[in-house]
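S.K.: Dropping the sequence and predicted coords here.
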Amino acid sequence: MSLRMRVFAVALALSPAALGQTAAPAEPPTIKPGDNLVVEGVPPVPATLADDVWRYTEFRSAAFSSWHPTRREMLISTRFGNTNQAHLVKTPGGARTQMTFFPERVAGARFEPKTGDSFLFSKDIGGNEFFQIYRYDFADGSVTLLTDGKSRNTGAKWSPDGRWIAYGSTRRTGNDVDIYVVAAKDPKSERRVLENSGGGWEVADWSPDGTKLVVAEGISINETYLWLVDVATGAKTALTTKGKETVAYGIALFARDGKGLYVTTDAGSEFKRLAYMDLATKKTDFLTPDTADIDDIDLSDDGTKIAYITNEKGVGVVRLMDLTTRRELPGPKLPIGVAAGVSWHKDGGMIAFTLGTPRSNDDAYSFDLKSGKLERWTTSELGGLNPETFAEAELVSWKSFDGREISGFLYKPNASKYPGKRPVVIDIHGGPEGQSNPEFIGRNNYFLNELGVAMMYPNVRGSTGYGKTFSKLDNGLLREGTYKDIGALLDWIGTRPDLDASRVMIQGGSYGGHMTLAVAYVYSDRIRCAIDVVGPSNFVTFLQNTSGYRRDLRRVEYGDERDPKTRAFLEKTAPLNNTEKIRKPLFIMQGGNDPRVPRSESEQMLQKIRAVGTPVWYLMAKDEGHGFAKKNNRDFAFYSAILFMKEFLLK
């Protein structure tokens, strides 16, 4: 008998059947969570689920980062492996050549502005947001750390000659953001230029001669001050002062002659308009009407043209202006979507930007002014799925409790495939100074295409893009108005013949996570379940424990917990103190290193929900921060969310 036959005979003799036993059914294979994940209450994830959804986990996106100063090449951010890295693209549709290779995501890649022989980028560890600034050299592929490796360093800006880098850092106190400069090729040369109080300071721009900086002091989303800072001495001059009107400034760029600034500001208006500020007189001259926020601007190298992006009811429109005549120039004709990161090439004849639409993820584009040609530099993969199967966004609106109109974007599954009333997931954006837009909704397309679930993205009061009055309607003691906006949305869903008001799930991240928890107790009888991702469960404990550099900024929005009246209101309305009202299943997801909404916010909620007896699932990633950035963690969270939805929304 051969060796193979003898082994087979022994195996047969020892089998349950040979021993007169009944063979136990084999356990179906499951996806085991990594050692970095804490998983509680979540049932085993069947391997078959991963097989079913894998195409929806293979979406990629690409964002424009920087133009090469002398060549028609660009840096972009995209993911080939587990995290986003910096890539070089040399021609539209060309290869994406990966330049950085780190386990952590890389952001903010910017070419050296004269020769392009190097670029800056930033990186943290495990999502802790203690960003460090690095220089990559093309000559030998070396990477040099330019900051201290410990503090939080943000907003790195090259000087016009490429010799210096200015940035903000919490190095001195851990909370206050001071302004530093460092020679690009000598990390030991770093020097503190300006010592500040508060965490809202950032470098806006260098003057053309490299001797001055314009620095923004952010108090809140609605209040900003601009300062002119002498790089050599650190002397600062106020460009804006506190007056009767609270004013916000978004972007500030030096004119090429150094005599003024191009800014976005809501001074004297509802929306952030494009304006020119004369540095000698401080007089501000507005260049755009008070009809839409200007979300981004960039000035051509010769200073004669400006590119800007308007936020028109959530839609991003790229526009161009001749600054000599102040007339609008022909710009790119884009599909309805979201544009960002507009940037002029040094030759003054091209702009680049990132564009995403409901049927295409973010990609890098360029527009040639002379030819009028729009070119797509990247075409990010969609897992082999046909983009025509993805739903378009429908702008909808409803009246809230006070008669105010609230709007949002609705994505519906194919009616021929899924007829009748469809279950609804209400996905609430973070911020709260944020906005849901008609954009690519990524993996959520699985819910529409494969489960027949409609997705609703509301812009409740407090959202940006609708004027500064609207953005302040949720501040402090007005917070409950946002909850009522969702209550009115639930009423509106009940009036739609294509939506099922009896099958609604709430989900959201960050402030959207807080809203999820609040809606879960205020309207527990009107929803089926809820998924909270890194959401504050009590603004009092949140404000006490969030990172010090952002605490005062958040107090302006949520209210100062040190004030007795405000504290009593925050405690009364906190989801943590209303857990007995949450009677529908809850799924809590959290990053272990979150510096914004600390892990304690989720853990205290988890404990109280368990004590009440409401079903609760918990997923915590030890190597993540404010949300999940790594693909492997995002995949497991996605699988778990689908299980949760199938169990509690769709059954």
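M.R.: Thanks, I have the structure now. Numbers count the residues shown, from 1 in each chain.
S.K.: can we go C-alpha only for contacts and neighbour counts from here?
M.R.: OK.
S.K.: Would you mind listing where this protein has pLDDT under the threshold?
M.R.: 1-26 (pLDDT under 70).
S.K.: And it, split by domain according to the record?
M.R.: 50-56+384-648, 292-380 (automatic domain parsing).
S.K.: Let me have the ones you listed in a markdown table, extended by mean neighbour count and distance to Pro208.
M.R.: Formatted as a markdown table, the domains of the chain follow (neighbours: other CA atoms under 10 Å; distance: least, CA to CA, whole Å):
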| stretch | mean neighbour count | distance to Pro208 |
| --- | --- | --- |
| domain 50-56+384-648 | 20 | 30 |
| domain 292-380 | 20 | 10 |
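S.K.: Now tabulate the ones you listed in CSV and tack on distance to Pro92.
M.R.: Output for those, formatted as CSV (distance: least, CA to CA, whole Å):
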stretch, distance to Pro92
domain 50-56+384-648, 21
domain 292-380, 4
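S.K.: Let me know which of those is the nearest to Asp176.
M.R.: Asp176 lies closest, by CA to CA, to one member of the domains of the chain: domain 50-56+384-648, at 5.9 Å.
S.K.: so how far is that closest one off the chain centroid?
M.R.: Computed by CA atoms, centre = their mean, to the nearest Å, the chain-centroid distance of domain 50-56+384-648 equals 14 Å.
S.K.: Ok, which of the domains of the chain comes nearest Asn196?
M.R.: That would be domain 50-56+384-648 among the domains of the chain, by CA to CA, at 11.5 Å.
S.K.: Now do the closest one: distance from first to last residue.
M.R.: 19 Å (CA to CA, to the nearest Å).
S.K.: same deal with stretch 172-186?
M.R.: By CA to CA, one end of stretch 172-186 lies 20 Å from the other end.
S.K.: How about stretch 520-536?
M.R.: Counting by CA to CA, the terminal residues of stretch 520-536 are separated by 13 Å.
S.K.: Now do the contacts for Asn175.
M.R.: Gly198, Gly199, Ser547, Gly548, Tyr549, Arg550 (CA atoms under 8 Å, 6 or more residues apart in numbering).
S.K.: Those: which two are farthest apart?
M.R.: Among these, Gly198 and Ser547 lie farthest apart (CA to CA), at 12.0 Å.
S.K.: And for stretch 85-95, what's in contact with it?
M.R.: So stretch 85-95 is contacted by 72-79, 96-102, 105-107, 109, 375-379 (CA under 8 Å, 6+ apart).
S.K.: do the same with stretch 264-280
M.R.: 239, 245-252, 259-263, 283-295, 465-469.
S.K.: Show the buried residues in the residues you listed.
M.R.: Buried members of the contacts of stretch 264-280, counted by 16 or more other CA atoms under 10 Å: 239, 247-252, 260-263, 284, 286-288, 290-295, 465-468.
S.K.: coming back round to it: now, which of the contacts of Asn175 lie within helices?
M.R.: Gly548, Tyr549, Arg550 (DSSP state H).
S.K.: Out of the residues you listed, which comes closest to Leu489?
M.R.: Arg550 (31.6 Å).
S.K.: Excluding covalently adjacent residues, which one is nearest to the closest one?
M.R.: Gly199 (5.7 Å; CA to CA, 6 or more residues apart in numbering).
S.K.: Please apply the same query to Thr354.
M.R.: Ala364 (4.7 Å).
S.K.: what residues are up against the one you found?
M.R.: Contacts of Ala364 (CA under 8 Å, 6+ apart): Ala62, Ala63, Phe64, Ile76, Ala352, Phe353, Thr354, Leu355, Arg376, Trp377, Thr378.
S.K.: how about the contacts of Asn175 in CSV, adding distance to Ile441?
M.R.: Below are those laid out as CSV (distance: CA to CA, whole Å):
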residue, distance to Ile441
Gly198, 36
Gly199, 32
Ser547, 30
Gly548, 33
Tyr549, 31
Arg550, 29
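S.K.: can you tell me which strand in the protein is longest?
M.R.: strand 499-509 (DSSP state E).
S.K.: Can you list the strands that that strand pairs with?
M.R.: When pairing is defined by DSSP bridges, strand 499-509 lines up against strand 422-428 (parallel), strand 529-533 (parallel).
S.K.: What segments of the chain are helices?
M.R.: Using DSSP H, helices in the chain cover 3-13, 47-53, 445-451, 468-471, 480-495, 511-522, 539-545, 548-558, 564-573, 599-612, 631-648.
S.K.: Check the protein and tell me which residue is nearest its centre.
M.R.: Gly430 (8.3 Å; CA atoms, centre = their mean).
S.K.: Touching, that residue and Thr516? I think so.
M.R.: No - look at Gly430 against Thr516 with CA atoms under 8 Å: they stay out of range, at 10.6 Å.
S.K.: between the two, what contacts are shared?
M.R.: Common neighbours of Gly430 and Thr516 (CA under 8 Å, 6+ apart) are Gly508.
S.K.: can you count the residues close to the residue nearest to Phe111 when sequence neighbours are not counted?
M.R.: Excluding its sequence neighbours, the residue lying closest to Phe111 (CA to CA, 6+ apart) is Phe119, at 4.2 Å. Number of residues near Phe119 (other CA atoms under 10 Å) recorded here: 23.
S.K.: One more: Thr154?
M.R.: 23.
S.K.: which residues does the nearest residue to it once chain neighbours are set aside contact?
M.R.: Closest residue to Thr154 in three dimensions, ignoring its sequence neighbours and counting by CA to CA, 6+ apart: Gly168, at 5.3 Å. Gly168 makes contact with Asn153, Thr154, Gly155, Ala156, Val177, Asp178, Ile179, Tyr180, Trp201, Glu202, Val203, according to CA under 8 Å, 6+ apart.
S.K.: Likewise for Arg96?
M.R.: Here Arg96 is in contact with His87, Leu88, Val89 (CA under 8 Å, 6+ apart).
S.K.: Against Ile582, how distant is the first one?
M.R.: So the one you mean is His87. On the measure of CA to CA, His87 and Ile582 end up 46 Å apart.
S.K.: And for the second one?
M.R.: Leu88 sits at a distance of 49 Å from Ile582 (criterion: CA to CA).
S.K.: hang on, the earlier thing: next up, the contacts around the residue nearest to Arg550.
M.R.: Applying CA under 8 Å, 6+ apart, the residues near Gly199 are Thr170, Asn175, Asp176, Val177, Gly548, Tyr549, Arg550, Asp552, Leu553.
S.K.: Save those residues as CSV, and put in distance to Asp124 too.
M.R.: Formatted as CSV, the contacts of Gly199 follow (distance: CA to CA, whole Å):
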residue, distance to Asp124
Thr170, 14
Asn175, 17
Asp176, 19
Val177, 17
Gly548, 18
Tyr549, 16
Arg550, 17
Asp552, 23
Leu553, 22
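S.K.: Need phi/psi at the nearest residue to Pro497 once chain neighbours are set aside.
M.R.: Computed as CA to CA, 6+ apart, the closest residue to Pro497 that is not its neighbour in sequence is Lys421, at 6.4 Å. Reported as degrees, to the nearest 10, the phi and psi values for Lys421 are phi -70, psi 130.
S.K.: didn't Lys421 look like it was pressed against Asp498?
M.R.: Yes - using CA under 8 Å, Lys421 is in contact with Asp498, at 4.4 Å.
S.K.: outside of stretch 437-445, which residues touch it?
M.R.: Against stretch 437-445 from outside (CA under 8 Å, 6+ apart): 56-57, 59, 314-315, 336-338, 356-362, 390-393, 409, 455.
S.K.: The closest residue to Asn196 other than its chain neighbours pairs with what?
M.R.: Nearest residue to Asn196, sequence neighbours excluded (CA to CA, 6+ apart): Asp178, at 5.2 Å. Counting by DSSP bridges, Asp178 is bridged to Ser169.
S.K.: Now for Asp178, how many residues are close by?
M.R.: By other CA under 10 Å, 25 other residues sit near Asp178.
S.K.: these two touch, right, it and Arg191?
M.R.: No - under the criterion of CA under 8 Å, Asp178 makes no contact with Arg191, lying 10.4 Å away.
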